[in-house]
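[1] let's see this in three dimensions:
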Amino acid sequence: MEMQIGILSTGIYLPEKQITGSEIAELAGLPLEVVEEKLGIKKKRIPGPEDHTCQMGIIAAKKAIEKAGIDPLDIDVVIYIGEEHKEYPLWTAGIKLQEEIGAVNAWAFDTALRCGTTVMALKVAKSLMLADPQVQTVLLAGGYRNVDFIDYENPRTRFMFNLGAGGGAILLQKGYNENLLLETELITDGSFSEDVVVVAGGTKHPITKEAIDSRLNRLDVLDPEGMKKRLEQKSMDNFLKVIRKSLRKSGYCEADLSYLAILHMKKSAHEYVLKELSLSEKQSIYLQDYGHIGQIDQILSLELGLEQGKIKDGDVVVLVSAGIGYAWGAATIKWGKGE
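    Model (predicted):
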């Protein structure tokens with residue numbers, strides 16, 4: 001029998017600072033109903049002066065450790081699941097996070113798949129735990145504040161106006177027979193790899209005063225029409241494909257699905273996914289009061305689902321993500337005590 005890997009705890013940190021849908025509408029020159037109803041943003045969290053990327057991950061990690069009641073010295077590996085946009089460029093945030101939480105016996109590394117990072121890191125962590133007898137306890141943690149790259153005056157990036165800020169953490173343990181992490185499915189499609197980029201700041205276009213003046217240091221969509229045409233249906237299809245495959249690999253079918261922890265996206269897309277899976281609104285949470293906190297959305301949805309009594313013992317829960325680039329991922333969890 002395969003060794004069980006369970007979720008010991010999760011942690012979430014949300015900045016106090018917020019921006020409302022009406023403020024976004026004003027900045028973007030959009031009607032309020034477009035922002036609130038179509039884009040689905042009532043309000044979202046944005047970083048305050050101390051809400052740095054790794055720092056938000058550190059706070060979330062400390063919450064998860066406290067909740068689990070474990071000693072940080074017992075953590076074997078720290079996987080940083082935050083964004084590349086962090087305190088310093090060319091910097092391994094996972095090592096800083098490890099130091100700040102006192103996990104001195106662990107080794108750490110950063111991983112990145114845009115908003116698909118958490119789901120991908122769950123697969124990496126499980127593989128690592130099954131392959132290495134020394135690895136018993138793994139912490140996934142990180143922060144996100146890609147809202148810094150949003151230019152509300154650029155209509156090409158309208159679908160990213162929901163980007164927010166926050167931190168999240170998940171603690172996994174081998175042989176823990178609760179909240180079992182089952183199978184993960186991932187799809188990446190490189191034909192979209194250069195559709196959404198920050199033009200300046202890399203080796204192709206180093207950062208210059210001119211680049212900043214031209215707002216080339218913000219997120220942009222280089223071929224909005226082409227991307228929309230190619231992506232829209234493919235994205236929904238791949239969303240459903242990873243969910244169904246993750247369930248199937250875990251020994252379940254979609255009829256068994258009790259709760260979907262889904263990232264924030266436009267209202268119609270959210271409703272489409274629920275409808276296709278025959279789920280009611282009660283079996284998910286639409287994050288209209290939080291915005292899209294990248295790869296932290298799944299952890300946030302999981303915590304909110306538990307708080308609101310939408311997730312109960314014995315439930316089959318799927319965490320699903322989509323990341324720019326493009327990547328889709330889903331991980332199935334059997335919540336509560338194992339058989």
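
[2] can you give me the helices in the stretch 151-300 of the chain?
    According to DSSP state H, counting those that start in this stretch, the stretch 151-300 of the chain carries its helices in the segments 209-213, 224-249, 267-276, 297-307.

[3] so of the ones you listed, which one's packed in deepest?
    Highest mean neighbour count of the helices of the stretch 151-300 of the chain: helix 297-307, a mean of 22 (counted as mean count of other CB atoms under 10 Å). C-beta coordinates here come from the backbone N, C-alpha and C atoms, glycine included.

[4] alpha carbons only: can I get it in PDB?
    What follows is helix 297-307, C-alpha atoms only, in PDB (Å, rounded to 0.1, in the frame of the first residue of the first chain):
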ATOM      1  CA  ASP A 297      -6.400  31.300  -4.200                       C
ATOM      2  CA  GLN A 298      -6.700  27.500  -3.700                       C
ATOM      3  CA  ILE A 299      -5.400  27.700  -0.100                       C
ATOM      4  CA  LEU A 300      -7.700  30.700   0.600                       C
ATOM      5  CA  SER A 301     -10.700  28.900  -0.900                       C
ATOM      6  CA  LEU A 302      -9.900  25.700   1.200                       C
ATOM      7  CA  GLU A 303      -9.800  27.800   4.400                       C
ATOM      8  CA  LEU A 304     -13.000  29.700   3.600                       C
ATOM      9  CA  GLY A 305     -14.800  26.500   2.600                       C
ATOM     10  CA  LEU A 306     -13.900  24.900   6.000                       C
ATOM     11  CA  GLU A 307     -14.900  28.100   7.900                       C
END
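
[5] angle of whichever helix or strand comes after it against helix 267-276?
    Sequence order places strand 316-323 as the next helix or strand after helix 297-307, per DSSP states H and E. Orientation check (axes from the mean of the first three to the mean of the last three CA atoms, to 10 degrees): strand 316-323 against helix 267-276 gives 140 degrees.

[6] correct me, but K123 touches A330?
    No. Using CB atoms under 8 Å, K123 is not in contact with A330; the gap is 10.3 Å.

[7] low-confidence regions, this protein specifically.
    Applying pLDDT under 70 to the chain flags the ranges 1-2, 338-339.

[8] ok, now with 50
    Counting by pLDDT under 50, the chain has low-confidence residues at 1.

[9] okay, domains of it per the record?
    5-178, 182-337 (automatic domain parsing).

[10] out of those domains, which one sits most buried?
    Mean neighbour count (mean count of other CB under 10 Å) peaks for domain 5-178 among the domains of the chain, with a mean of 20.

[11] please measure how far the first residue of that domain sits from its last one.
    End-to-end distance for domain 5-178, by CA to CA, to the nearest Å: 8 Å.

[12] could I get the contacting residues of the nearest residue to L263 once chain neighbours are set aside?
    In space, and not counting its chain neighbours, L263 is closest to D297: 4.1 Å by CB to CB, 6 or more residues apart in numbering. Taking CB atoms under 8 Å, 6 or more residues apart in numbering, we find D297 in contact with C115, A261, I262, L263, H264, L287, Y290, S321.

[13] any idea how far the fourth one is from N177?
    It refers to L263. 29 Å (CB to CB, to the nearest Å).

[14] same thing with the third one?
    In this structure, I262 lies at 27 Å from N177, with CB to CB as the measure.

[15] intersection of neighbour lists for K123 and A330?
    Residues touching both K123 and A330 (CB under 8 Å, 6+ apart): T184.

[16] next up, the contacts around P155.
    Listed by CB under 8 Å, 6+ apart, the contact partners of P155 are A28.

[17] any idea what the closest residue to I5 other than its chain neighbours is bridged to?
    Spatial nearest neighbour of I5, chain neighbours left out: L181 (4.9 Å); criterion: CB to CB, 6+ apart. Counting by DSSP bridges, L181 is bridged to I333.

[18] same question, the one 5 residues further on
    Partner residues in beta bridges with L186, using DSSP bridges, are G329.

[19] what's it in contact with, if anything?
    L186 is in contact with G116, V119, M120, K123, V242, A327, W328, G329, counting by CB under 8 Å, 6+ apart.

[20] shouldn't D289 be in contact with E36?
    No. Between D289 and E36 there is no contact under CB under 8 Å: 11.0 Å.
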